[in-house]
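**Student:** sequence plus the predicted model coming up.
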Amino acid sequence: MNKILYVVRHCKASGQEREASLTEEGQQQANELSEFLSEYPIKRIISSPYKRTVESILPYAEKVGIEIEKDERLGERLLSPSNQSNWLELLEQSFQDLSFTLEGGESSQDAINRVKSLIEELVEVPEEHIALISHGNLATLLLKIFDEVYGFDEWKAMSNPDVYMIQLKSDGREVRRIWR
């Protein structure tokens, strides 16, 4: 087996809500992302259905003629349905204790299980190069599935956009950041 997953964090957006668009800067970043991804033989694109993720990959998808598949399993992780003044501390706690959850929110473990079900399906498909477009929090948890080192500090260090490559081989796997 040889499969490469490109985990892409969306470009700069105007907000966190589901329908938040990219900013003007984010639109420019999406064009830069399109040029960057053109170096890779991606055959399938699966995105969170959130507007900012779809807009981030749209220039590339149009350029190469690949349909964007939308999958809720790549959607933003909801830490809490209400605003939390100490959200950053709570987010850090959720990376340290994967079962930690706030009322109405999703634990890190639940988010991992959600995205893991997608990964398990993708291991079985014929396409070898697949781009997954998501959000910083979920992307970090997705990377954690393949390398335990990923956590709160790695989330904080991510840029908008960002791109990581997960290479799955019969004899192991490798995770590395490829965005410039």
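**Tutor:** Received it, and whenever you're ready, just let me know what you need. Residues are numbered from 1 along each chain as shown.

**Student:** determine the longest helix present in this structure.
**Tutor:** helix 108-123 (DSSP state H).

**Student:** give the rounded mean pLDDT of it.
**Tutor:** What helix 108-123 shows for mean pLDDT is 97.

**Student:** again with stretch 51-61
**Tutor:** 98.

**Student:** kindly report the same for stretch 85-94.
**Tutor:** 96.

**Student:** what's the answer for stretch 141-155, then?
**Tutor:** Rounded mean pLDDT across stretch 141-155 is 97.

**Student:** residues of it that come out buried?
**Tutor:** 141-146, 150-152, 154-155 (16 or more other CB atoms under 10 Å). Yep, even glycine has a C-beta here, placed from its N, CA and C like the rest.

**Student:** export these to TSV and append columns for distance to residue 171 and secondary structure.
**Tutor:** TSV is the format used below for those (distance: CB to CB, whole Å; DSSP: H, G, I helix; E, B strand; the rest coil):
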residue	distance to residue 171	secondary structure
141	25	helix
142	22	helix
143	20	helix
144	21	helix
145	18	helix
146	14	helix
150	22	coil
151	26	coil
152	30	helix
154	25	helix
155	29	helix
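
**Student:** farthest-apart pair in those residues, please.
**Tutor:** 146 and 152 (17.3 Å; CB to CB).
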